[in-house]
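>>> Could you work out the structure for the sequence below:
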Amino acid sequence: MKRSKKRILCVIAAAALSFSALPQTAPRLIDPMTACAEDLSTENFKYSVNDGSITITEWKGTDTEAVIPEKIDGIPVTAIGSMAFFGCDKLESITLPGSITTINSNAFCNCTGITEFDIPNGVTSIGTGALSGCTRLTSIVIPDSVKTLGEQVFSSCTNLKTITIPKTLTNIGGSAFRGTAWLDEKQGNGQLVIVNDILVDGTAVSGDVVVEEGVTSICDQAFSYCQTITGITIPASVKSIGTSAFFYCTKLKSVNMKNGVERIGNEAFSECSQLTEINISDSVTDIGASTFKGCSSLKDLSLPGNLKSIGYMAFAMCNSLTDVVIPEGTESIGMYSFVMCTSLNNLTLPASLTSIDNQAFRSCPTEMTVRGKAGSSAESFADQKGFSFEATAAIDQVSLTLTDDLGLNFFISGVSTDAEAENYRVVFSGKCEEDGTAVSLYNKSGAYCATANVSANHMNENITAVLERATDTGWEEISKSSYSVNRYLNSVDTSESQALEELVETTKEYGEVSNAYFSGGEMPSVADNSSNYNKSSFVPTKGSSDMISLVLDSKLSARLYIEDLPADATASYGEDVLSAQLGRNGKYFFEVTGIVPTALANDINIEYGTAQYSFKPLSWCYLAAKNNPAGKNKTMADILYQYYKSAYNYKYPNS
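Numbering: from 1, shown residues only. Next up is the predicted model:
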């Protein structure tokens, strides 16, 4: 198996502005900085004093020019308050002092007379709608000091054609540039608009869209109300998808989200009525409020293995969902999260759940079957709601084999005999030997599990295990979990065992070195172990033209290359017969597989013809240090020996 209501930005309505293209959410309530301070007044403006600084709260002047002083009674003016100049349409010029650091929400909203506006270098944030509706403004320079632009900050500035944006700007609010001539030009022929690696607008695109690698976030409302996008591929470089990013994209059918996204904002895909499938990145831990609300065509739902919580109305009114599997590790399901999912007939809940809101599955079919571990919160929930309950197997814990192969063991509850185990299998996906294959359960120390073998350079990669059960018509998914080797290592309690602590830390270091070694990255520095493996006992007995190599995957292998070895050659290794294999270098070799870390110093004896070759896997370390004493092979040799020694000392503490 491979797998708002108009958003209210101003206290009074402004006919000159239209926010109809924004998602329908609860009105935004303004919280002026001056709420707890008494307004003071001059001839032209009101102000408040807070913590030794002054905020301008209201313009009272009648002139066409406003000049704000740097100090009043010796106190610096540092902020323009919310709505301070709102609707001052007779103003043509506004001069701000260099002492200003903050321009608050709607501060200059609907100042339709101004044609120029200088933002002092020192301002760090410009609030929501601060300059929206300034229809005669033609250009703006955002200084390097600005780190944050609020939502709709320049929206409906219809003649704003030139915007100078510094590289230092790292936070851009949703619809910051909507309704500007600048945005119209940037959109060009259906282009994505990207600023400082932030995708700020995609409303002009159509068809299936691929976001380029390097984009780090998708802005709030970036694609909202885009009626022409049908598919989106989101690269691994994207870490966050903003609030209402794809709100009401009614033609959007598929979302391909690469592993890397960590946050999906509220309403991100709400009301995408034709969305049929989405693969949510395993790096996502929380699904927020109304994220997929009203996705009435959503049938194929793959929830991330690291999921911890499902928020308010996250999947409300997803009327095509028939089967939902909540992955093991999920802890809470919020209010109305699946309300009115009228086709939901099968629900699998993990043993990890500690909280299911009483209204989470309101107005779902009364004949729905809940599956889960016997005696778990799933059974209690089914009994409370009157749903039928079916006890089933589930992935409920993970372990890691440290002293043998790097094996992630996914243990299955609810299976107690070999006969029961035959009815289940686990399909793995990710950077492991078993990627894309179905693995049978086996008994490990009295419990049934399936194991994914992971190479050292992929220890930080999530491996997804899907538990399937045999039915009359095939295999059905009943439980799912994702885990990585490093995640497990970081969870190990080593406080009572120094040997275990050394093994865990060395294994992490081994993974870092391996990743750098195979990816071409900068090699970490490790302790020099050459004095331990640069001994006569590690010198291989072989011809001068022969060569030893190690395959550093999940199951370590040793290869012996022999000069002029023919393709049909065979050799003896104990009772095993080894056949010659062709390497990428065009030479043939014999390979001994499945070498565990604790056996890296054991002798390997291979007989070929009348010759006997004897070496240890760690003989490679000896040769690597001898032939390349300052290169990456030497670093790998040092960490490999350290890995062997820590595994050996842990497994055989008294030897």
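>>> Off-centre distance for the helix with the most length in the chain?
Counting by DSSP state H, the longest helix found in the chain is helix 498-519. Mean-position distance between helix 498-519 and its chain equals 23 Å (Cα atoms, centre = their mean, to the nearest Å).
>>> Can you name the residues in contact with it?
Residues from elsewhere that reach helix 498-519 (Cβ atoms under 8 Å, 6 or more residues apart in numbering): 402-403, 406, 455-460, 485-486, 489, 492, 494-495, 521-524, 526, 552, 632, 635-636, 639-640, 642-643, 646-647, 649-650, 653. Placement of C-beta: from N, CA and C, glycine included.
>>> Buried residues of the helix or strand just after that helix, list them for me.
Using DSSP states H and E, the helix or strand that directly follows helix 498-519 along the chain is helix 530-533. For helix 530-533, the neighbour count (16 or more other Cβ atoms under 10 Å) marks Ser530, Asn532, Tyr533 as buried.
>>> separation between the first one and Asn266?
Taking Cβ to Cβ, to the nearest Å as the measure, Ser530 and Asn266 are separated by 56 Å.
>>> Can you tell me the element Leu578 falls in?
Counting by DSSP H and E, Leu578 is found in strand 576-579.
>>> Against which helices or strands is that strand packed?
In terms of contacts (3 or more Cβ pairs under 8 Å, 6 or more residues apart in numbering; DSSP states H and E), strand 576-579 is packed against strand 570-573, strand 588-595.
>>> what lines up beside the very next helix or strand once past that strand in the sheet?
For strand 576-579, the following helix or strand on the C-terminal side (DSSP H and E) is strand 581-582. Using DSSP bridges, strand 581-582 pairs in its sheet with strand 588-595 (antiparallel).
>>> elements contacting the very next helix or strand once past the strand it pairs with?
Toward the C-terminus, strand 588-595 is succeeded by strand 604-608 as the next helix or strand (DSSP H and E). With contacts taken as 3+ Cβ pairs under 8 Å, 6+ apart, strand 604-608 sits against strand 570-573, strand 588-595, strand 611-615.
>>> Would you mind listing where the protein has pLDDT under the threshold?
For the chain, residues meeting the criterion pLDDT under 70 lie at 1-39, 543-546.
>>> what ranges do the helices span in it?
So, for the chain - with DSSP H - the helices run 181-187, 377-385, 418-421, 485-491, 498-519, 530-533, 619-627, 632-651.
>>> Which parts of the fourth one count as buried, going by neighbours?
Residues of helix 485-491 classed as buried by neighbour count (16+ other Cβ under 10 Å): Val485, Asn486, Arg487, Tyr488, Leu489.
>>> closest one to Val77 among the helices of the chain?
helix 181-187 (29.5 Å; Cβ to Cβ).
>>> any chance you could map the strands in the stretch 251-400 of the chain?
Secondary structure of the stretch 251-400 of the chain (DSSP state E, counting those that start in this stretch): strands at 254-257, 263-264, 277-279, 286-287, 300-302, 309-310, 323-325, 332-333, 346-348, 355-356, 369-372, 388-391, 394-401.
>>> just so I know, which of those lies nearest Glu434?
It is, among these and with distance given as Cβ to Cβ, strand 394-401, at 14.1 Å.
>>> which residues touch the closest one?
The contact list for strand 394-401 (Cβ under 8 Å, 6+ apart) reads 328, 348, 350-352, 372-373, 406-414, 426, 449, 451, 465, 467, 478-481, 483, 485, 488-489.
>>> quick one, strands of the stretch 51-200 of the chain?
Ranges of strands in the stretch 51-200 of the chain, per DSSP E, counting those that start in this stretch, are 53-59, 65-67, 71-72, 75-80, 93-95, 102-103, 125-126, 139-141, 148-149, 162-164, 171-172, 193-195, 198-201.
>>> picking up where we left off before, what residues sit buried inside the longest helix of the chain?
499-504, 506-517.
>>> coming back round to it: now distance to Thr228 and mean neighbour count too, for the helices and strands packed on strand 604-608, in JSON lines please.
What follows is the helices and strands packed on strand 604-608, written out as JSON lines (distance: least, Cβ to Cβ, whole Å; neighbours: other Cβ atoms under 10 Å):
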{"stretch": "strand 570-573", "distance to Thr228": "63", "mean neighbour count": "16"}
{"stretch": "strand 588-595", "distance to Thr228": "54", "mean neighbour count": "18"}
{"stretch": "strand 611-615", "distance to Thr228": "64", "mean neighbour count": "16"}
